[in-house]
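Q: Next comes the sequence, and after it the predicted model I'd like to discuss.
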2 protein chains.
Amino acid sequence: MSAPSQPSTPLQIGLVLFPRVTQLDFTGPLQVFSSLPNAEVHLIWKRIEPVTSDSVLVLTPTTTFADCPQLDVICVPGGFGTDDMINDEEMLAFLRKQAPGAKYITSVCTGSLVLGAAGLLKGFRAATHWTAMDFLSAFGAIPTKTRVCVDGNRVTGGGVTAGIDFALTLVSLLHDQKTAEAIQLRLEYNPAPPFNSGSPDTAPPEVLAFMKDRIAQAQLRRGEMIDRAAARLG
Amino acid sequence: MSAPSQPSTPLQIGLVLFPRVTQLDFTGPLQVFSSLPNAEVHLIWKRIEPVTSDSVLVLTPTTTFADCPQLDVICVPGGFGTDDMINDEEMLAFLRKQAPGAKYITSVCTGSLVLGAAGLLKGFRAATHWTAMDFLSAFGAIPTKTRVCVDGNRVTGGGVTAGIDFALTLVSLLHDQKTAEAIQLRLEYNPAPPFNSGSPDTAPPEVLAFMKDRIAQAQLRRGEMIDRAAARLG
């Protein structure tokens, strides 16, 4: 929160983008990171060209895989687009290249599947969206049902909105608790969900059944992509 | 949640953009609205050209004030840029033109100041960011310290992250609770803030003092802009 806790060179934080990313997976953490003193935030994709999200919001990268500096924090958001990214050699090569020099290797939602496919979660506990929990072990990760999972320098968040809890946790690790608390106050992050349906454990059974039915086809396709990615990883 | 609750023509939902908008103010609600069945979401600004947010994320409008169809839901997000918008005749004229035909007139964070400056909150209870609460009465609104404030067809959210609670509440009004619960489950909105600093009532005193000190200059400038806007409104 105060000057002495700030490093002299800006912290390099990078969030990767890709088509059909769930935009809130990264706009939540982005809002938190943007309030961080002395940090430079990058939005990274193969090319500097607009990327479609899962909504009408089109995303414009600030740098490319080729031009991105060494990152202190790598963050992979999730979304249906991760099904393609777990088999995308350019994405996986970028993550593998950045990982050894990074302080923290992180993800939100199904972004952890991409970290897994890059071989970066072997033996690590990791979180993901509740619908993707069973897929993590294909990459040697230990699926962990928690909002934010910290295992060494792997920090992974649960589904979508967990990105805000994840980012505040990460800020407390990168700086200190006071810095995270100041950002929390600025973002008035004092949540009061009007309903209690945010987890498969609390959602009304018919709502859970509806969602499971709705994603059934997508889950089958995801399973095939995971098998392919796991086979490639070996 | 099921077909009978869906209207036959798509619901028209519009979020206005402007320079220095706090991106999470609208990306939170946008994520919720994007999961809504049979809805068309618009991002609206004066021109179809990228708009800078308060972060490195650049925002691309999907339509303009001139071309936007009549909206069922108008939503104004907040951010430092609202200081300019409360005195921006084009923005205020757009809101005044849309308001009579809209089902819901809404805002997140300091977006309520813009609704107020357009004369759309006179006599209505309204929420806003905790730092802006005192400014609402300049426009004849009744400042209300709550996460989501529903007063007739005015639905206003508190600061930044309150946009998610706001949007789920609005979905339950537009559709039904089950639809909102299904979206909440999809977004795994089961928040677990790592700290308890999200409100001036719970933040550690030194964190609150730090934030108040940091925004003191901006508050003075905001006060001047509010006075000007209130005088114009008459």
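A: Noted; the coordinates are in hand.
Q: For chain A, just list every one of the helices.
A: Ranges of helices within chain A are A:23-34, A:82-85, A:89-98, A:111-117, A:162-174, A:177-186, A:205-233, based on DSSP state H.
Q: In TSV: the ones you listed, plus mean neighbour count and distance to residue B:207.
A: In short, each C-beta sits where N, CA and C put it, glycine included. Converted to TSV, those look like this (neighbours: other Cβ atoms under 10 Å in any protein chain shown; distance: least, Cβ to Cβ, whole Å):
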stretch	mean neighbour count	distance to residue B:207
helix A:23-34	28	15
helix A:82-85	24	36
helix A:89-98	17	33
helix A:111-117	30	30
helix A:162-174	26	13
helix A:177-186	24	5
helix A:205-233	14	37
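Q: Format the ones you listed as a markdown table; extra columns: distance to chain B and mean pLDDT.
A: Supplementary listing: those in a markdown table, determined by distance: least, Cβ to the nearest Cβ, whole Å; pLDDT from 0 to 100:
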| stretch | distance to chain B | mean pLDDT |
| --- | --- | --- |
| helix A:23-34 | 4 | 98 |
| helix A:82-85 | 15 | 97 |
| helix A:89-98 | 18 | 98 |
| helix A:111-117 | 13 | 98 |
| helix A:162-174 | 5 | 98 |
| helix A:177-186 | 4 | 98 |
| helix A:205-233 | 5 | 95 |
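Q: Quick one: closest of those to residue B:95.
A: Closest to residue B:95 of the helices of chain A is helix A:23-34 (Cβ to Cβ; 24.2 Å).
Q: so how far is residue A:128 from residue A:140?
A: Residue A:140 sits 14 Å away from residue A:128, going by Cβ to Cβ, to the nearest Å.
Q: which of the two has more neighbours?
A: residue A:128 (32 against 14; other Cβ atoms under 10 Å in any protein chain shown).
Q: Verify the stated contact: that one with residue A:159.
A: Yes - with contact defined as Cβ atoms under 8 Å, residue A:128 reaches residue A:159; the gap is 7.4 Å.
Q: and for those two, which residues touch both?
A: A:78, A:109 (Cβ atoms under 8 Å, 6 or more residues apart in numbering or on different chains).
Q: Take the helices of chain A and write them to JSON lines, including distance to residue A:52.
A: Shown next, in JSON lines, are the helices of chain A (distance: least, Cβ to Cβ, whole Å):
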{"stretch": "helix A:23-34", "distance to residue A:52": "10"}
{"stretch": "helix A:82-85", "distance to residue A:52": "12"}
{"stretch": "helix A:89-98", "distance to residue A:52": "16"}
{"stretch": "helix A:111-117", "distance to residue A:52": "17"}
{"stretch": "helix A:162-174", "distance to residue A:52": "19"}
{"stretch": "helix A:177-186", "distance to residue A:52": "29"}
{"stretch": "helix A:205-233", "distance to residue A:52": "17"}
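Q: And these: which comes nearest residue B:33?
A: So among the helices of chain A, helix A:23-34 is nearest, using Cβ to Cβ, at 11.3 Å.
Q: Only C-alpha atoms, please: export that closest one in PDB.
A: In PDB, the C-alpha atoms belonging to helix A:23-34 read as follows (Å, rounded to 0.1, in the frame of the first residue of the first chain):
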ATOM      1  CA  GLN A  23     -14.600 -12.200 -20.800                       C
ATOM      2  CA  LEU A  24     -15.300 -12.000 -17.100                       C
ATOM      3  CA  ASP A  25     -12.700 -14.600 -16.400                       C
ATOM      4  CA  PHE A  26     -10.100 -12.000 -17.200                       C
ATOM      5  CA  THR A  27     -11.900  -8.600 -16.900                       C
ATOM      6  CA  GLY A  28     -12.300  -9.400 -13.100                       C
ATOM      7  CA  PRO A  29      -8.600 -10.000 -12.500                       C
ATOM      8  CA  LEU A  30      -7.700  -7.200 -14.900                       C
ATOM      9  CA  GLN A  31      -9.700  -4.700 -12.800                       C
ATOM     10  CA  VAL A  32      -7.800  -5.800  -9.700                       C
ATOM     11  CA  PHE A  33      -4.400  -5.800 -11.400                       C
ATOM     12  CA  SER A  34      -5.000  -2.400 -13.000                       C
END
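Q: in the sheet, who's paired with residue A:58?
A: residue A:52 (DSSP bridges).
Q: wait, what's in contact with residue A:96?
A: A:118-120.
Q: which ones are touching the residue lying closest to residue A:134 once chain neighbours are set aside?
A: With sequence-adjacent residues excluded and distances taken as Cβ to Cβ, 6 or more residues apart in numbering or on different chains, residue A:134 is closest to residue A:143, at 7.1 Å. The contact partners of residue A:143, taken as Cβ under 8 Å, 6+ apart, are A:126, A:128, A:133-134, A:136-137.
Q: Same question for residue A:142.
A: A:123-126, A:136.
Q: By neighbour count, sort out the buried ones in those residues.
A: A:124-126, A:136 (16 or more other Cβ atoms under 10 Å in any protein chain shown).
Q: which one among the residues you listed gets closest to residue A:88?
A: Using Cβ to Cβ, these come closest to residue A:88 at residue A:136, 18.4 Å.
Q: Number of residues surrounding residue A:138?
A: 18.
Q: Setting aside sequence neighbours, what's the nearest residue to it?
A: residue A:230 (4.1 Å).
Q: How about residue A:159?
A: residue B:188 (2.9 Å).
Q: How about residue A:233?
A: In this structure, residue A:233 finds its nearest non-sequential neighbour in residue A:119, 5.6 Å apart by Cβ to Cβ, 6+ apart.
Q: Check residue A:48 too.
A: residue A:61 (5.5 Å).
Q: That neighbour contacts residue A:45, doesn't it?
A: Yes - between residue A:61 and residue A:45 there is a contact at 4.1 Å, judged by Cβ under 8 Å.
Q: shared neighbours of these two, which are they?
A: A:17, A:51.
Q: before we move on, back to that, dump the contacts of residue A:142 into CSV; add distance to chain B and pLDDT as well.
A: As requested, the contacts of residue A:142 are arranged in CSV below (distance: Cβ to the nearest Cβ, whole Å; pLDDT from 0 to 100):
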residue, distance to chain B, pLDDT
A:123, 25, 98
A:124, 20, 98
A:125, 17, 98
A:126, 15, 98
A:136, 15, 98
